[in-house]
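Trainee: sequence-free structure coming up:
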């Protein structure tokens, strides 16, 4: 599994791992019921603490992306289209908020922002 850790990022390492695994689930790189690397294996591969990987896996399980079977490992949860769609919506919402913030900082009015949005939607 290809996960890249940015040690100079302000984002905690476990969040970097969860974000990348979620992205791989959403884009279909990781399939439902596919086994994830063991905590120790991924920790060794990424050269980080096993506790950090465990925290990432636990977080993914809490969010419904992963199922852990004691003694067997962690697996991608069966495809929950609603959960995946909600995650995509959150990502888009965050990006839209950033664009609107930039537009306001640039001096555009609410009406100008709406007009631009409508124009783009027509294309």
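Mentor: In hand now; what should we look at? Since we're looking at a predicted model, the values are computed, not measured.
Trainee: quick one: list the elements packing against the host helix or strand of residue 120.
Mentor: Assigned by DSSP states H and E, residue 120 belongs to helix 110-122. Counting contacts by 3 or more CB pairs under 8 Å, 6 or more residues apart in numbering; DSSP states H and E, helix 110-122 packs against helix 81-105. Every C-beta, even on glycine, is put in place using the N, C-alpha and C of the backbone.
Trainee: got a list of contacts for the lowest-mean-pLDDT helix or strand in the chain?
Mentor: Least confident element among the helices and strands of the chain, by mean pLDDT, DSSP states H and E: helix 81-105 (a mean of 86). If you take CB atoms under 8 Å, 6 or more residues apart in numbering as the criterion, helix 81-105 is touched by 22, 25-26, 63-65, 112-113, 116.
Trainee: surely residue 24 is in contact with residue 1?
Mentor: Yes. Using CB atoms under 8 Å, residue 24 is in contact with residue 1, at 7.5 Å.
Trainee: any regions of the protein where pLDDT drops low?
Mentor: 79-82 (pLDDT under 70).
Trainee: go with 80
Mentor: The model of the chain has pLDDT under 80 over residues 79-85, 87, 123.
Trainee: returning to that earlier point: pick out whichever of residue 24 and residue 1 has more residues nearby.
Mentor: residue 24 (18 against 15; other CB atoms under 10 Å).
Trainee: turn the contacts of helix 81-105 into JSON lines, including distance to residue 86 and neighbour count.
Mentor: JSON lines is the format used below for the contacts of helix 81-105 (distance: CB to CB, whole Å; neighbours: other CB atoms under 10 Å):
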{"residue": "22", "distance to residue 86": "11", "neighbour count": "20"}
{"residue": "25", "distance to residue 86": "13", "neighbour count": "23"}
{"residue": "26", "distance to residue 86": "11", "neighbour count": "16"}
{"residue": "63", "distance to residue 86": "10", "neighbour count": "14"}
{"residue": "64", "distance to residue 86": "10", "neighbour count": "15"}
{"residue": "65", "distance to residue 86": "11", "neighbour count": "22"}
{"residue": "112", "distance to residue 86": "31", "neighbour count": "12"}
{"residue": "113", "distance to residue 86": "25", "neighbour count": "15"}
{"residue": "116", "distance to residue 86": "27", "neighbour count": "13"}
